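In: test case, fold it:
(one chain, ligands or ions: 1)
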Amino acid sequence: MPDTKLVLVTGAGGFIGHHLVKYLVARGYRVRGVDIKYPEFEPTVAHEFELLDLRRFDNCLIAMRGVDEVYHLAANMGGIGFIETYKGEIVRDNTMININTIEAARIHGVKRFLFTSSACVYPGYRQNTTDVTPLKEEDAYPADAEDGYGWEKLYMERTCRHYREDFGLETRVVRFHNIYGPLGTYDGGREKSPAAICRKVALANDGDEIEVWGDGQQTRSYCYIDDCVEGLYRLMRSDYPHPLNLGTDRLVSINELVDIVARIAGKRIRKRYDLTKPQGVRGRNSDNTRLRQVLGWEPQTPLEEGLRITYQWIRSELIRTGRLESAQAGGVEVRVPPTPRGSQVVPG
Ligand code: NAD
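Out: All right, here's what the predicted structure looks like:
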């Protein structure tokens, strides 16, 4: 049994938070989850789960009682369509959530506090080409973060440093690069590109055309959820207090992503480009040099394998919710590989 008595996961009703709760419970931790909503797709396994709006300081104090370590994931966020549209709301909500949460942690004498930042803190001027140079942690400065969401993350990264230096709160900061996997939002406007593409391909017939945002040549790297929670745990256990990338360094274009998903689905898919839709920076990749140095580890799951599991889950969700007939789904048998440690996949 771990020494830690009680771990708090904020945002435990969300995609990464829900997976992290399962991972920590499986490792023998006692876990309290907090969110404004319950997990959408399956019940939580947290020992305690409280519905609390963390924009309010009194709720943060309630969430923090008796807690030894905090994984702070709660945020008002979504894919590129969401973060480019709701900047004021994002900055207002997340600034309140972050500052109130870390201050409540300080007051309650929390031992370790991990904040989930984002690759959106990196400056636009380093991400202007599709064959972009992978981003090292120090590249975040001179700052020119993603408008709204990126600046709010960068500000909280700095707040963690000041709380560590001035108040002795042990902080950890991770910068995620496009986390994907099952049990994540796949429609409704907050979904990210892998989930949106899986949904569109699942709903398409063989030979159909799907809409792609931008010209499809924009590039990203993607990290599977099981690697994400493993990396989060390793970082929390490490003694490294500075921001650390967590992602893969395999750069793919959105066009390639569509092609991989189409192959998994066994469908011929044509692309229709909508240049009016937001597409974010032109290219973004993670430099994992420091990740390897600090954690002695980096994400393991090949993109094809992670996307196969994700596609299968989204397809089964579309069938379950009546948006896709089983027969219409292409009749493709998608084999789901054994579930890696720390995750559960909803059977298709
Ligand atoms: P998510 O939206 O699924 O989870 C965030 C959770 O925070 C949601 O369940 C939401 O209800 C909760 N929340 C929002 N406002 C709240 C409030 N006022 N009080 C309490 N809870 C509130 O997102 P996710 O993908 O699981 O992301 C988790 C964290 O990782 C976030 O901080 C996000 O910014 C960061 N991140 C994620 C990615 C990614 O690719 N998924 C990339 C970079 C950074």
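In: which bits of the stretch 51-200 of the chain sit near the ligand?
Out: 53-55, 73-77, 93, 97, 116, 118, 176, 178-179, 192 (Cβ under 6 Å from any ligand atom). In this view, the C-beta of every residue, glycine as well, is placed from N, C-alpha and C.
In: please pick the buried ones from those.
Out: 54-55, 73-77, 93, 97, 116, 118, 176, 178-179, 192 (16 or more other Cβ atoms under 10 Å).
In: which of the residues you listed fall within strands?
Out: Using DSSP state E, 116, 118, 176, 179 are the members of these that sit in strands.
In: okay, and the spatially closest residue to the last one that is not a sequence neighbour sits in which element?
Out: Which is residue 179. Nearest non-adjacent residue to residue 179, counting by Cβ to Cβ, 6 or more residues apart in numbering: residue 228, 4.7 Å away. Counting by DSSP states H and E, the element that carries residue 228 is helix 225-237.
In: so what's residue 95 up against?
Out: Residues in contact with residue 95 (Cβ atoms under 8 Å, 6 or more residues apart in numbering) are 152, 155, 156.
In: restricting to C-alpha, output whichever strand or helix holds it in CSV.
Out: Per DSSP H and E, residue 95 falls inside helix 87-107. Listed in CSV are the C-alpha atoms of helix 87-107, where the atom choice follows Å, rounded to 0.1, in the frame of the first residue of the first chain:
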residue,chain,number,x,y,z
LYS,A,87,-11.5,32.7,-24.6
GLY,A,88,-13.1,34.9,-22.0
GLU,A,89,-15.0,32.1,-20.3
ILE,A,90,-11.9,29.8,-20.3
VAL,A,91,-9.6,32.5,-18.8
ARG,A,92,-12.2,33.5,-16.2
ASP,A,93,-13.1,30.0,-15.1
ASN,A,94,-9.7,28.4,-15.1
THR,A,95,-8.0,31.3,-13.4
MET,A,96,-10.5,31.1,-10.6
ILE,A,97,-10.3,27.3,-10.4
ASN,A,98,-6.5,27.2,-10.4
ILE,A,99,-5.8,30.0,-7.9
ASN,A,100,-8.5,28.8,-5.5
THR,A,101,-7.4,25.2,-5.7
ILE,A,102,-3.7,25.8,-5.1
GLU,A,103,-4.4,28.3,-2.2
ALA,A,104,-6.7,25.8,-0.5
ALA,A,105,-4.0,23.1,-1.0
ARG,A,106,-1.5,25.4,0.8
ILE,A,107,-3.9,26.2,3.6
